[in-house]
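Undergrad: any chance you could fold what I've pasted below:
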Amino acid sequence: MSESEAESEAIEAPAFQREAPASGRVEAVSPLIRRLVCPNGGPFTQSGTCTYLVGHGRVAVIDPGPDHPEHRAALLAALGGETVEAILVTHTHRDHSPGARPLAAATGAPILGCGPHRPARAVRGAEQGRLDAAGDADHRPDRELSDGEGVTGPGWSLTALATPGHTMNHLAFSLAEEETLFSGDHVMAWSTSIVAPPDGSMGAYMASLDRLRGRPETIYWPGHGGPVREPQRFVRGLLSHRRARETGIVERLSAGERTIPGLVAALYSGLDPRLRPAAALSVFAHLEDLVERGRVVTEGPPALDSEYRPG
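TA: Numbering: from 1, shown residues only. Model prediction:
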């Protein structure tokens, strides 16, 4: 990276787009892609989980969503007499993967993509309950796709791209024919992704963002919200945003703040109270990464109730 590029990145911020696609309606968003949004909207899912149908006649279904009978009925109606070649899953959060199993039972299609849910590190104490609440522990694909593996159909080819961080089994899928990336919850136009230990890892997430730089895709279709246009610019903005948050944490620690609740209050002014627990987990993810890199210290393993100091 040149000095001018580094300077540009340091001041760039992601241009979030709050577009909320309507749920319950099948939309043809490109020649090869149809989108159906599950009616499970909320503060963490925007208008709902986006399920994508790729191809025509013999198709792939990406992220069937939760086990939601209304959404599944709408999806089967949209498929009509088409054959489902594969059901692809980006990651095992409960708003993305549980719907794969009843859809497979209804269509006979194999479940491909991410492997079973797993933590980023050893689970400590009460963290198991949080991990169980978020993760779909029952997910077992018929075939786990490794980085670079894929599946093809008439006129389309999907290739897995390992993007751990939001969850450690997270995959994105590249559609070469349209220079498109199905980015799951790794990159979304409407919001930053939640990275919540022990489910996720900030270090892995940042490395996965960096991995997207220079890729050929010209548009991303995410797990929630509308498309990410100008994805290279947007990814640079996400990296800059996260680095700015990291800098803010270190500055607040240098000023004497020691706890995660104090950091959240200082860094997230005007935050919706419903999102404070997620903000605390995001700060915790940054602190774990900073401790691992020696920029922050704490007594014992990092925890939500630990006290932190500059390294």
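Undergrad: CA only for contacts and neighbour counts going forward, please
TA: Noted.
Undergrad: could you say which helix or strand holds Arg242?
TA: Of the helices and strands defined by DSSP states H and E, Arg242 is found in helix 231-254.
Undergrad: only C-alpha atoms, please: export that helix in PDB.
TA: Included here for helix 231-254 are C-alpha records, laid out as PDB according to Å, rounded to 0.1, in the frame of the first residue of the first chain:
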ATOM      1  CA  PRO A 231     -17.700  -3.100  -2.400                       C
ATOM      2  CA  GLN A 232     -14.000  -2.300  -2.500                       C
ATOM      3  CA  ARG A 233     -14.600   1.200  -1.200                       C
ATOM      4  CA  PHE A 234     -17.100  -0.100   1.400                       C
ATOM      5  CA  VAL A 235     -14.700  -2.700   2.700                       C
ATOM      6  CA  ARG A 236     -11.900  -0.100   3.100                       C
ATOM      7  CA  GLY A 237     -14.400   1.900   5.000                       C
ATOM      8  CA  LEU A 238     -15.300  -1.000   7.300                       C
ATOM      9  CA  LEU A 239     -11.600  -1.600   8.000                       C
ATOM     10  CA  SER A 240     -11.100   2.100   8.800                       C
ATOM     11  CA  HIS A 241     -14.200   2.200  11.000                       C
ATOM     12  CA  ARG A 242     -13.000  -0.800  13.100                       C
ATOM     13  CA  ARG A 243      -9.500   0.600  13.400                       C
ATOM     14  CA  ALA A 244     -11.000   3.900  14.600                       C
ATOM     15  CA  ARG A 245     -13.000   2.100  17.200                       C
ATOM     16  CA  GLU A 246      -9.900   0.300  18.300                       C
ATOM     17  CA  THR A 247      -8.100   3.600  18.600                       C
ATOM     18  CA  GLY A 248     -11.000   5.000  20.600                       C
ATOM     19  CA  ILE A 249     -10.800   2.200  23.100                       C
ATOM     20  CA  VAL A 250      -7.100   2.600  23.700                       C
ATOM     21  CA  GLU A 251      -7.500   6.400  24.100                       C
ATOM     22  CA  ARG A 252     -10.300   5.900  26.700                       C
ATOM     23  CA  LEU A 253      -8.200   3.400  28.600                       C
ATOM     24  CA  SER A 254      -5.300   5.900  28.500                       C
END
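Undergrad: quick check: buried residues in it?
TA: Of all the residues in helix 231-254, those buried under the rule 16 or more other CA atoms under 10 Å are 231-242, 245-246, 249-250, 252-253.
Undergrad: who touches that helix?
TA: Residues outside helix 231-254 that contact it (CA atoms under 8 Å, 6 or more residues apart in numbering): 9-15, 187, 192, 206, 209-210, 212-215, 217-220, 228, 263, 266-267, 283, 286, 296, 308-310.
Undergrad: give the next helix or strand downstream of it.
TA: Using DSSP H and E, the first helix or strand after helix 231-254 is helix 260-267.
Undergrad: before we move on, back to that, what angle do the helix holding Arg242 and helix 260-267 make?
TA: Helix 231-254 and helix 260-267 are oriented at 120 degrees to each other (axes from the mean of the first three to the mean of the last three CA atoms, to 10 degrees).
Undergrad: contacting residues for Glu27?
TA: Contact criterion CA under 8 Å, 6+ apart gives Arg34, Arg35, Leu36 as the residues in contact with Glu27.
Undergrad: my guess is Leu263 contacts Ala255, does it?
TA: No. The pair formed by Leu263 and Ala255 falls short of the contact definition of CA atoms under 8 Å, at 10.9 Å.
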